[in-house]
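[1] heads up, no residue letters with this:
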């Protein structure tokens, strides 16, 4: 089994896609006016409008802008440089760049729907090794 993607459901897809394009510097591919993806060799971040919920059983399946348990994480080359780029774009900076006990330097902020986003860079030898081996 292979994790394919993470999908965010939003009431304002254009705003959220624009936010992620700004903070990542990567353009999304739009498949319909209700669905877009940011793809790379390792992962996919999909964004769907609330109208797509009808395809999955209706609005009772998911609710936009209500996530309080998932953090969307991006491996970046330099968290401190990313912070300089993101700090004026993010809705809220939750935690400025900080080295975590497990060895990653981490920046935590919120997107326009209030979802938590973590930019991280392995900072210790153990974290770098873990990132390279995938463990």
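    Yes, it's here. No experiment lies behind these values; they were computed from the predicted model shown.
[2] quick one, strands of this structure?
    Listed in chain order, the strands of the chain (DSSP state E) span 6-10, 29-32, 35-39, 44-49, 71-75, 92-99, 104-110, 116-122.
[3] what residue ranges in this structure score low on pLDDT?
    Across the chain, residues meeting the criterion (pLDDT under 70) sit at 133-135.
[4] chain center to the helix ranked longest in it, what's the gap?
    Ordering each helix of the chain by length in residues (DSSP state H) puts helix 13-24 first. Taking C-alpha atoms, centre = their mean, to the nearest Å, the mean C-alpha location of helix 13-24 is offset from the chain mean by 10 Å.
[5] name the helices or strands packed onto that helix?
    Other elements packing on helix 13-24 under the criterion 3 or more C-beta pairs under 8 Å, 6 or more residues apart in numbering; DSSP states H and E are strand 35-39, strand 44-49. For the C-beta atoms, the positions are set from N, CA and C on the backbone; glycine is no exception.
[6] and the first one, what does it pack onto?
    What it means is strand 35-39. Using 3+ C-beta pairs under 8 Å, 6+ apart as the contact criterion, the neighbours of strand 35-39 among helices and strands are helix 13-24, strand 29-32, strand 44-49.
[7] one more time with 6 Å, if that's ok
    For strand 35-39, the elements it packs on are strand 44-49, judged by 3 or more C-beta pairs under 6 Å, 6 or more residues apart in numbering; DSSP states H and E.
[8] who touches the strand it packs on?
    Taking C-beta atoms under 6 Å, 6 or more residues apart in numbering as the criterion, the residues outside strand 44-49 that touch it are 5-9, 13, 16-17, 34-38.
[9] now restrict those residues to buried residues only.
    8-9, 13, 16-17, 34-38 (16 or more other C-beta atoms under 10 Å).
[10] so which of those is the closest to residue 28?
    Distance to residue 28 across those (C-beta to C-beta) is lowest for residue 36, with 4.2 Å.
[11] I'd guessed the closest one sits against residue 30; true?
    Yes - between residue 36 and residue 30 there is a contact under C-beta atoms under 6 Å: 4.6 Å.
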